[in-house]
Each structure stands twice: as C-alpha cells, then as structure tokens.
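S.K.: Sequence below, structure please.
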Amino acid sequence: MDAGQERQIIRLWNQLRLLEREGRPTEAVRRQIERALAERESRAA
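M.R.: Numbering: from 1, shown residues only. Here you go, the predicted structure:
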C-alpha cells in the first residue's frame, strides 16, 4: 500500500471517531474503511 492510501485510511478513521463522538451516523464511513482495508489486503496477497 502506498503512503497516500495509508493516509486516506487514517483520515477515514479520524472522521469515524469524530462522528461517533457527535452521535452522528457512522455506517457509510465504516464501509469506506472496510473497502480500503480489503483493497490493501488484496494488494498485499
């Protein structure tokens, strides 16, 4: 995984934490994180 993809996952994670603190819906961000992690795993294999 390149550094840009890694930064994107970190940004999404931080956004998820912020939404959770504010009590806002998080499912869309969770799906984005899951897709990014799955893509990272498939490239590593």
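S.K.: May I have the residues that are in contact with the residue nearest the centre of the chain?
M.R.: Within the chain, one residue has its C-alpha closest to the average C-alpha position: by CA atoms, centre = their mean, that is residue 33, at 2.7 Å. Taking CB atoms under 8 Å, 6 or more residues apart in numbering as the contact definition, residue 33 lies against 9, 12-13, 16. No exception for glycine: its C-beta is placed from N, CA and C like everyone else's.
S.K.: Report the buried members of those residues.
M.R.: With neighbours counted by 16 or more other CB atoms under 10 Å, these contain buried members at 9, 12, 16.
S.K.: Out of those residues, which sit inside helices?
M.R.: 9, 12, 16 (DSSP state H).
S.K.: Quick check: the first one touching residue 38?
M.R.: No: assessed by CB atoms under 8 Å, residue 9 is found out of contact with residue 38, at 11.2 Å.
S.K.: circling back to that earlier point, turn the buried ones among the contacts of residue 33 into a markdown table, columns for distance to residue 2.
M.R.: What follows is the buried ones among the contacts of residue 33, written out as a markdown table (distance: CB to CB, whole Å):
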| residue | distance to residue 2 |
| --- | --- |
| 9 | 11 |
| 12 | 16 |
| 16 | 21 |
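S.K.: what's the closest of these to residue 44?
M.R.: In terms of CB to CB, no member of the buried ones among the contacts of residue 33 lies closer to residue 44 than residue 9, at 13.5 Å.
S.K.: Contacts only, for that closest one.
M.R.: Counting by CB under 8 Å, 6+ apart, residue 9 makes contact with 33, 36-37, 40.
S.K.: which element is residue 28 on?
M.R.: Remark: residue 28 resides in helix 27-44, with elements defined by DSSP states H and E.
S.K.: how about that helix: buried residues?
M.R.: Applying a neighbour-count criterion of 16+ other CB under 10 Å, one finds 29, 32-33, 36 buried in helix 27-44.
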